[in-house]
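[1] Sharing a sequence plus its predicted fold:
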Amino acid sequence: MLDVRRLHLLRELQRRGTIAAVAEALSFTASAVSQQLSVLEREAGVSLLERSGRRVVLTPAGRTLVTHADAVLERLELAVSQLAGAREGIRGPLRIGTFPSGGPAIVPATLAELARRHPALEPMLQEIDSARVSDSLRAGELDVALVHDYDFVPASPDTSVDQVPLLDEPMYLATGAPDTASATGTAHGDRLAELLGPWATSPWITARDGTTGHAMAVRACQAAGFQPRIRHYVNDFRTVLALAAIGQGAGFIPEMATAHAPEGVVLTRLPLFRRSRVAFRAGGGTHPAIAAFVAAARTAVGTTGSAS
């Protein structure tokens, strides 16, 4: 009989890449992880791991077993959700992750709605980059999270995580007064090139390298026919707006953040979107606390389940 906990370790190895990363994420020693994976190989009766240079990678049999591990762990999550539904009332801690700009725009209203409907629930909030959410959900560090992706940077598929739509919002170009732009841009047949082209030689403000916001900005500019000359790396949208207002560069802003636009900033709607979703472990969508969070978040942003 294959041990579920060891299946979980094998799946984490495939997702995280190294035994050391698995050990750190799950609070084990590397030797303990290695020992447990060796036991799993004996249980399976086939080789699941092989050396590739200094790393250990999954064999074809190992990758096949991970596919079954996904299904097994999803069913267990579903069982936990259904058992929770048999209890009276929704109570206890709920560990919530949010991307930083979701904090002021979505989270307070969501938590207020949760408190009104389910006062015995104890929400516990932490900011987290959307790229780290899947790992944190699988590790049990989070129960549910707000995540987002952009046009040009779609979310990577992950069978260990389910998501439901929350909000689609247009992106805006934030700039100073139009006469501060480089006037060399010309209108193109492509709408994005037409809107971004006049700012092709101007400085740009993007999120830090390695974030989805940074990748979106670079790829959008490339799609418009130029490579952005980045001057400032800023993750906070209010700072982007403030810098754009004083002529320090052009930047991309989602609609939720435009409420903080200072005097002097020019906002131009773009044919680009940011999509926010609620993520949770696969099979966990029927858990009463997670379903309550989804309902409260949709009430907070004024949606009913379909993206707006």
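    Thanks, I have it.

[2] my guess is residue 237 meets residue 101, correct?
    Yes - counting by C-beta atoms under 8 Å, residue 237 does reach residue 101; the two are 5.7 Å apart. In short, each C-beta sits where N, CA and C put it, glycine included.

[3] tell me, what's touching these two both at once?
    With contacts defined as C-beta atoms under 8 Å, 6 or more residues apart in numbering, the residues shared by residue 237 and residue 101 are 254, 257.

[4] Buried residues of the helix or strand hosting residue 271, list them for me.
    Secondary structure from DSSP states H and E places residue 271 in strand 266-281. Residues 266-267, 270, 272-281 are the ones in strand 266-281 that count as buried (16 or more other C-beta atoms under 10 Å).

[5] Quick check: phi and psi at the closest residue in space to residue 229 that isn't next to it in sequence.
    Using C-beta to C-beta, 6 or more residues apart in numbering and skipping residues adjacent in sequence, the residue nearest residue 229 is residue 203, 5.7 Å away. Backbone geometry at residue 203, expressed as degrees, to the nearest 10, gives phi -70, psi 160.

[6] What count of nearby residues applies to residue 203?
    Using other C-beta atoms under 10 Å, residue 203 has 17 other residues around it.

[7] Could you give the number of residues near residue 175?
    22.

[8] and it, what are its bridge partners?
    Under DSSP bridges, the beta-bridge partners of residue 175 are residue 266.

[9] quick one, what contacts it?
    Shown in contact with residue 175 (C-beta under 8 Å, 6+ apart): 181, 199, 202, 244, 250, 265, 266, 268.

[10] Quick check: PyMOL command selecting the buried ones in those.
    In PyMOL, selecting the buried portion of those, with burial taken from 16+ other C-beta under 10 Å, looks like this:
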select buried, resi 181+199+202+244+250+265+266
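
[11] for the contacts of residue 175, which one is nearest residue 47?
    Comparing the contacts of residue 175 against residue 47 with C-beta to C-beta places residue 250 closest, at 53.9 Å.

[12] give me phi/psi at the closest one?
    phi -110, psi 150.

[13] any idea how far the closest residue to residue 294 other than its chain neighbours lies from residue 131?
    Leaving aside its sequence neighbours, residue 294 sits nearest to residue 278 (C-beta to C-beta, 6+ apart; 5.1 Å). According to C-beta to C-beta, to the nearest Å, residue 278 and residue 131 sit 16 Å apart.

[14] now residue 210
    Counting by C-beta to C-beta, the gap from residue 210 to residue 131 is 8 Å.

[15] Looking at those two, which has the bigger crowd around it?
    Taking other C-beta under 10 Å, residue 210 and residue 131 do not tie; residue 131 has more neighbours (15 against 10).

[16] So that one is in contact with residue 213, correct?
    No - look at residue 131 against residue 213 with C-beta under 8 Å: they stay out of range, at 10.9 Å.

[17] next one: phi and psi at the residue lying farthest from the centre of the chain?
    Centroid-distance maximum for the chain: residue 45 at 37.3 Å, with C-alpha atoms, centre = their mean. The phi/psi pair for residue 45 (degrees, to the nearest 10) reads phi 80, psi 10.

[18] In the protein, where's the longest helix?
    Identified as the longest helix of the chain according to DSSP state H is helix 60-86.

[19] List the residues that contact the residue nearest to the spatial centre of the chain.
    With distances taken as C-alpha atoms, centre = their mean, residue 130 lies nearest the centre of the chain, 2.4 Å away. Residue 130 makes contact with 99, 147, 148, 149, 155, 212 under the criterion C-beta under 8 Å, 6+ apart.

[20] do you know how far the last one is from residue 131?
    For residue 212, the distance to residue 131 under the criterion C-beta to C-beta works out to 7 Å.

[21] what does the third one give?
    The gap separating residue 148 from residue 131 is 11 Å, by C-beta to C-beta.

[22] hey, what's in contact with both of those two?
    In contact with both residue 148 and residue 131: residue 212, using C-beta under 8 Å, 6+ apart.

[23] Next up, the contacts around residue 16.
    22, 25, 135.

[24] Phi, psi for residue 148 please.
    Taking degrees, to the nearest 10, you get phi -150, psi 160 for the backbone angles of residue 148.

[25] partners of it in the sheet?
    residue 276.

[26] Likewise for residue 167?
    Applying DSSP bridges to residue 167 gives these bridge partners: residue 276.

[27] from what I can see it touches residue 273, true?
    No - look at residue 167 against residue 273 with C-beta under 8 Å: they stay out of range, at 9.9 Å.

[28] in stretch 10-28, what's buried?
    For stretch 10-28, using 16+ other C-beta under 10 Å, the buried residues are 10-16, 19, 21-23, 25-26, 28.
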